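[1] The sequence and its predicted three-dimensional model are supplied below.
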Amino acid sequence: MSATAASADVVLAADGKVDGVALGVLLFFFLLVTIGGFWAANWRKADNPHSLDEWGLGGRSFGTVITWFLLGGDLYTAYTFIAVPAAMFATGAVTGFFAVAYTILIYPIVFIFMPRMWSVSHSKGYVTAADFVRGRFDSRFLALAVAGTGILATMPYIALQLVGIQAVLDSIGLGGESNAFLRDLPLLIAFAVLAAYTYSSGLRAPAIIAFVKDTLIYLVIAVAIVYVGVHIGYGQLFDAAEAKMATKNPATGAATGVFVPASNNYWAYATLALGSALALFMYPHSMTAVLSGKSRNVIRRNTAILPAYSLLLAMLALLGYAAIASKTSVIGVDGKPNPQLAVPHFFRDEFPSWFAGVAYAAIAIGALVPAAIMSIAAANMFSRNIYKEFLVPNATHKQEAQAAKITSLVVKFGALIFVLVLDKQNAINMQLLGGVWILQTVLAIVVGLYTRWLHRWALLAGWAVGMIYGTLAAYNQASRVTKHFGGSLANFPFTDTRVYIALSALVLNIVVTVVLTLVLRAMKAPEGVDATTPEDYYAEKAGPEVTDLPGTEGGLPVPGGVRA
């Protein structure tokens with residue numbers, strides 16, 4: 001895998017010509033996952049597929065292996081594979097490597113509360129976190145707030161998957177077409193196909209495709225890490241990164257980035273990691289993947305083995321430094337520097353076209369899997385917590401599932417139009433807000449799993465205050481490229497300490513909720529009726545554990561490779 005072997009391809013891509021070999025490899029894998037996506041409709045096909053349980057949660061039938069791949073494909077998105085090394089390339093450890101810390105923090109936290117969420121949801125038939133909030137606190141408007149927040153936070157997350165695909169297309173040479181329709185045609189085709197097989201197969205489609213995506217990612221990162229060690233050397237890699245981060249910005253005179261965080265960055269780093277860890281499983285797509293598990297033990301096992309992805313993420317983050325050491329160009333086909341091209345261009349410049357194509361396929365499929373799960377999760381929330389709760393209370397299971405299918409199409413194409421029409425910086429800004437917003441649902445969901453002491457009206461007021469403060473604080477952050485929503489850090493109120501805005505908003509949310517709860521309880525305000533019982537939080541799925549590899553049952557092949 002010499003640089004010489006890739007040199008001709010570098011020239012082709014840099015000149016705006018299409019790298020045919022890399023494109024061919026990408027199309028092969030895209031065709032493979034397309035076939036898998038449509039075939040998934042017949043995998044573990046239920047007697048009655050016309051229900052939200054079947055379409056939106058895969059029949060709640062996934063075992064340890066599939067749930068592991070599904071959660072990995074769901075949580076570690078294409079934008080993760082682009083943004084984390086891009087942040088390392090551009091500004092260093094505080095904005096990049098904190099992602100590794102928070103994915104380590106999250107799993108012990110999830111091990112504690114998520115089995116309870118699975119149990120009560122299985123016992124009561126809950127499909128979304130908002131369903132649980134509705135039953136626990138007897139408040140349709142608190143449930144609406146949770147559902148609306150989830151949908152709102154998910155939309156830009158879906159849009160950002162397109163950023164990963166756009167980076168791949170740019171690296172292949174398809175991003176420089178002057179005709180806007182031809183330039184965006186590959187994205188339109190990819191999302192049209194995604195919409196089609198998601199509509200027909202539901203959550204089963206990304207569950208199948210996640211096998212391909214995660215296998216490719218592990219392969220690509222393993223090869224890249226060996227290549228870096230042999231051809232660049234880790235000593236040179238860190239030396240080059242340290243030198244770049246110490247370089248002064250000519251406009252501000254400040255250092256370009258942070259190689260090792262100084263004491264004034266400790267709170268920023270720590271709160272980014274903690275806040276992101278608390279927020280990650282509040283997203284609807286994370287909850288959907290968890291609730292699709294077949295038993296409480298499936299969730300426990302996954303919290304033990306999912307940290308393998310954190311190791312993968314750490315290796316991936318270092319590719320940002322590898323791009324610095326190898327002097328990878330991040331100039332796009334539009335002639336402008338774009339750090340998000342660091343990883344795709346690193347593979348373009350350092351590897352043969354065929355392997356660069358494998359890497360591009362891993363990134364592109366890494367966009368399709370989470371985009372599918374996110375659109376399904378948002379559709380589940382709309383169908384269950386808005387459509388059925390407020391619009392058609394007597395909707396049948398079939399009508400509920402049909403509403404979710406249509407909503408999933410609207411969500412996907414809404415995200416597509418958002419990215420194609422508006423500047424991608426707007427999508428990045430909205431994703432910043434998504435993290436701020438979704439964290440405000442922690443009290444109702446996580447605390448609600450253990451106690452009803454917090455009053456439902458106080459929870460709604462605290463949520464509103466946290467949403468407003470977090471949005472305004474994020475709006476007031478400026479950067480070199482934008483006047484508003486320019487960063488995720490701000491001074492904690494009445495101090496000079498910079499912390500993650502979402503965590504500051506959550507602290508304010510907690511204060512308001514606790515104080516109002518005391519007041520409302522003193523006033524003996526109605527608390528509603530709890531639809532759950534203590535036994536619901538320990539419910540287990542009955543029946544023996546079955547291996548969940550496609551085409552097997554009880555460890556033995558199933559005729560035809562399909563489970564009924």
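    The structure has been received and is ready for your questions.

[2] could you point out which element follows the helix or strand hosting Gly24?
    Under the criterion of DSSP states H and E, Gly24 resides in helix 20-39. Proceeding N to C from helix 20-39, the next assigned helix or strand is helix 52-57, under DSSP H and E.

[3] sorry, back to before: and the helix holding Gly24, what's buried?
    21-23, 25-26, 29-30, 33-34, 36-39 (16 or more other CB atoms under 10 Å). Where you see a C-beta, it was placed from the backbone N, CA and C, and this is true even at glycine.

[4] Same list, those residues, but as a markdown table with distance to Tyr218 please.
    Output for those, formatted as a markdown table (distance: CB to CB, whole Å):
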| residue | distance to Tyr218 |
| --- | --- |
| Val21 | 22 |
| Ala22 | 20 |
| Leu23 | 23 |
| Val25 | 17 |
| Leu26 | 18 |
| Phe29 | 15 |
| Phe30 | 19 |
| Val33 | 16 |
| Thr34 | 22 |
| Gly36 | 18 |
| Gly37 | 21 |
| Phe38 | 25 |
| Trp39 | 23 |
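
[5] Quickly name whichever of these is closest to Met381.
    Distances from Met381 to the buried residues of helix 20-39, taken as CB to CB, are shortest for Gly37 (22.3 Å).

[6] In terms of secondary structure, what does the helix holding Gly24 contact?
    Applying 3 or more CB pairs under 8 Å, 6 or more residues apart in numbering; DSSP states H and E, we find helix 20-39 packed against helix 140-172, helix 180-201, helix 204-227, helix 353-382.

[7] just the buried residues of helix 20-39 now: which is nearest Ser353?
    Using CB to CB, the buried residues of helix 20-39 come closest to Ser353 at Val21, 3.7 Å.

[8] Now do that closest one against Ala279, distance only.
    Going from Val21 to Ala279 by CB to CB, to the nearest Å gives 40 Å.

[9] Name all residues that make contact with Thr271.
    Val499, Tyr500, Leu503 (CB atoms under 8 Å, 6 or more residues apart in numbering).

[10] Next, find the distance separating it from Leu278.
    For Thr271, the distance to Leu278 - CB to CB - is 10 Å.

[11] what residues are shared contacts of these two?
    Leu503.

[12] before we move on, back to that, ok, and the most crowded of the contacts of Thr271?
    Counting neighbours by other CB atoms under 10 Å, the top entry in the contacts of Thr271 is Tyr500, with 27 neighbours.

[13] Spit out the contact partners of that one.
    Ala268, Thr271, Leu272, Leu274, Gly275, Ser276, Ser488, Leu489.

[14] Try it again at 10 Å.
    Applying CB atoms under 10 Å, 6 or more residues apart in numbering to Tyr500 gives the contacts 98, 267-276, 279, 435-436, 439, 488-490, 492, 506.

[15] Please name whichever of the helices and strands packed on helix 20-39 is nearest to Arg456.
    Per CB to CB, nearest to Arg456 of the helices and strands packed on helix 20-39: helix 140-172, 5.4 Å.

[16] angle of the closest one against helix 20-39?
    On the basis of axes from the mean of the first three to the mean of the last three CA atoms, to 10 degrees, helix 140-172 is oriented at 150 degrees to helix 20-39.

[17] which parts of helix 140-172 are buried?
    Quick answer for helix 140-172 (16+ other CB under 10 Å): 142-172.

[18] do stretch 221-239 as well
    Ile221, Val223, Ala224, Ile225, Tyr227, Val228, Ile232, Leu237.

[19] Nearest to Leu319 among the residues you listed?
    Ala224 (6.1 Å).

[20] Who are the contact partners of that closest one?
    Applying CB under 10 Å, 6+ apart, the residues near Ala224 are 1, 315-316, 318-319, 322, 343, 346-347, 350-351, 355, 359.

[21] and the gap between it and Leu341?
    16 Å.

[22] now swap in Leu416 and tell me
    From Leu416 to Leu341 the distance is 21 Å (CB to CB).

[23] Show me which of these two is the more surrounded one.
    Comparing Leu416 with Leu341 by other CB under 10 Å, the one with more neighbours is Leu341, at 26 against 23.

[24] correct me, but the more buried one touches Gly320?
    No - assessed by CB atoms under 10 Å, Leu341 is found out of contact with Gly320, at 11.3 Å.

[25] quick one, helices of the stretch 451-564 of the chain?
    456-475, 501-522 (DSSP state H, counting those that start in this stretch).

[26] In terms of secondary structure, what does the shortest one contact?
    Contacts of helix 456-475 with other secondary structure elements, assessed using 3 or more CB pairs under 10 Å, 6 or more residues apart in numbering; DSSP states H and E, are made with helix 129-137, helix 140-172, helix 424-438, helix 442-445, strand 489-491, helix 501-522.

[27] one more time with 8 Å
    Partner elements for helix 456-475 (3+ CB pairs under 8 Å, 6+ apart): helix 140-172, helix 424-438, helix 442-445, helix 501-522.

[28] Any idea how far that helix is from the middle of the chain?
    Taking CA atoms, centre = their mean, to the nearest Å, the mean C-alpha location of helix 456-475 is offset from the chain mean by 23 Å.

[29] Give me the contact list for it.
    137-139, 141-142, 145, 149, 432-433, 436-437, 439-441, 443-444, 484-485, 488, 490, 501-502, 504-506, 508-517, 519-520, 525, 527-528.

[30] Could you list the buried residues of it?
    Counting neighbours by 16+ other CB under 10 Å, helix 456-475 gives 456-463, 465-467, 469-471, 473-474 as buried.

[31] ok, now the longest one?
    For helix 501-522, the buried set under the neighbour-count rule, 16+ other CB under 10 Å, comprises 501-506, 508-510, 512-514, 516-517, 520.

[32] do stretch 239-246 as well
    Within stretch 239-246, judged by 16+ other CB under 10 Å, the buried ones are Ala240, Ala241, Lys244, Met245.

[33] Just name the closest of the residues you listed to Met88, please.
    Nearest to Met88 among those, counting by CB to CB, is Ala241 at 7.6 Å.

[34] any idea whether the closest one is helix, strand or coil?
    helix (DSSP: H, G, I helix; E, B strand; the rest coil).

[35] Could you check how many residues crowd around the nearest residue to it once chain neighbours are set aside?
    Of all residues not flanking Ala241 in the chain, Tyr321 sits nearest, at 4.1 Å (CB to CB, 6 or more residues apart in numbering). Counted with other CB under 10 Å, residues neighbouring Tyr321 total 30.

[36] Next one, pLDDT for Tyr321 please.
    Note on Tyr321: pLDDT of 93.

[37] Equivalent analysis for Ala404, please.
    95.

[38] what separates it from Ala240, distance-wise?
    49 Å.

[39] Ala222 now?
    Counting by CB to CB - Ala222 and Ala240 are separated by 22 Å.

[40] do the same with Thr451
    As judged by CB to CB, Thr451 and Ala240 stand 52 Å apart.

[41] Pro493 now?
    Pro493 sits 39 Å away from Ala240, taking CB to CB as the criterion.

[42] now Ala101
    Between Ala101 and Ala240 the distance is 23 Å, computed by CB to CB.

[43] what's the answer for Pro337, then?
    17 Å.

[44] swap in Lys213?
    In terms of CB to CB, Lys213 sits 30 Å off from Ala240.

[45] out of the helices and strands packed on helix 20-39, nearest to His397?
    Across these, His397 has its closest neighbour in helix 353-382 (13.0 Å, CB to CB).

[46] Quick one: name whatever helix or strand follows that closest one.
    Next in sequence after helix 353-382, counting helices and strands by DSSP H and E, comes helix 397-421.

[47] buried ones in that next one?
    For helix 397-421, by 16+ other CB under 10 Å, it's 400-405, 407-409, 411-412, 415-416, 418-420.
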